[in-house]
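**Q** Kindly return the folded structure for what I paste below:
(chains A and B)
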Amino acid sequence: EDQVTQSPEALRLQEGESSSLNCSYTVSGLRGLFWYRQDPGKGPEFLFTLYSAGEEKEKERLKATLTKKESFLHITAPKPEDSATYLCAVYRYSSASKIIFGSGTRLSIRP
Amino acid sequence: EAGVTQSPTHLIKTRGQQATLRCSPISGHTSVYWYQQALGLGLQFLLWYDEGEERNRGNFPPRFSGRQFPNYSSELNVNALELEDSALYLCASSQTSGTETQYFGPGTRLLVL
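**A** Take a look at the predicted model:
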């Protein structure tokens, strides 16, 4: 069964303290992996799409990487405004064409 | 460029009533997706529409239904509302049929009393 697991569930960091969020997946025929940011009560905001192992993408303080079994979202020198829930989702080759979301990591950055 | 829009932002209903939620995709996007996000839970896939047709649905009862109009906007209907239907309902759109990144709207908060 296709599964997406994110860890940790919650992470509290001091401003400037770099860390990584993990997204592990068991999906047959991965077509793409997405990272989103979601603020409370709002819709997810698209961050990155990764398609193949070894691929990396960066945006400001965020960098996403992908292997055959997992993806990491690295956050460098975070600021309080980076506090949010970060969601990982995978999309696989099939006629169903639906994406499967992980439960997210709640990131809190203390000033 | 305008993003995905949803209306209403908030909706309060009582058990047994029907709720109608609306979504307008990004211009040029033909696929529309609906998700349910209950408080403290992850996004659960509800429905996918493309070119006016329902392409796939998640594990939800038939009282969750919808449609997509010729202008690609979409409507989600929830009949016979139950308390556990209270959630944030999110609409997303993508450029081609289920293959591209999905962009989300702000959501409709449905409260069932």
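
**Q** Could you verify that residue A:58 is part of a helix?
**A** No. Counting by DSSP: H, G, I helix; E, B strand; the rest coil, residue A:58 falls outside a helix, being strand.

**Q** Is chain B within reach of the worst-scoring helix or strand of chain A on mean pLDDT?
**A** When each helix and strand of chain A is scored by mean pLDDT, DSSP states H and E, strand A:99-101 comes last, with a mean of 85. Yes. Remark: strand A:99-101 sits within contact range of chain B at A:99-101, by C-beta under 8 Å from any C-beta of the partner chain. Where C-beta positions appear, they are placed from N, C-alpha and C, glycine not excepted.

**Q** Which strands and helices lie in contact with the following helix or strand past that strand?
**A** Downstream of strand A:99-101, the next assigned helix or strand under DSSP states H and E is strand A:105-110. With contacts defined as 3 or more C-beta pairs under 8 Å, 6 or more residues apart in numbering or on different chains; DSSP states H and E, strand A:105-110 has these neighbours: strand A:10-14, strand A:84-92.

**Q** Would you mind putting those strands into TSV with distance to residue A:3 alongside?
**A** Shown next, in TSV, are the helices and strands packed on strand A:105-110 (distance: least, C-beta to C-beta, whole Å):
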stretch	distance to residue A:3
strand A:10-14	20
strand A:84-92	9
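
**Q** Any idea which of the ones you listed gets closest to chain B?
**A** Checking these against chain B by C-beta to the nearest C-beta gives strand A:84-92 as the closest, at 7.2 Å.

**Q** Now that closest one: average pLDDT?
**A** Per-residue pLDDT over strand A:84-92 has a mean of 92.

**Q** helices and strands around that strand, which ones?
**A** Strand A:84-92 sits against strand A:3-7, strand A:19-26, strand A:30-38, strand A:70-75, strand A:99-101, strand A:105-110, with contacts defined as 3+ C-beta pairs under 8 Å, 6+ apart.

**Q** How many neighbouring residues does residue 89 have?
**A** You didn't say which chain, so I picked chain A. Residue A:89: 24 surrounding residues under other C-beta atoms under 10 Å in any protein chain shown.

**Q** could you do chain B instead?
**A** 23.
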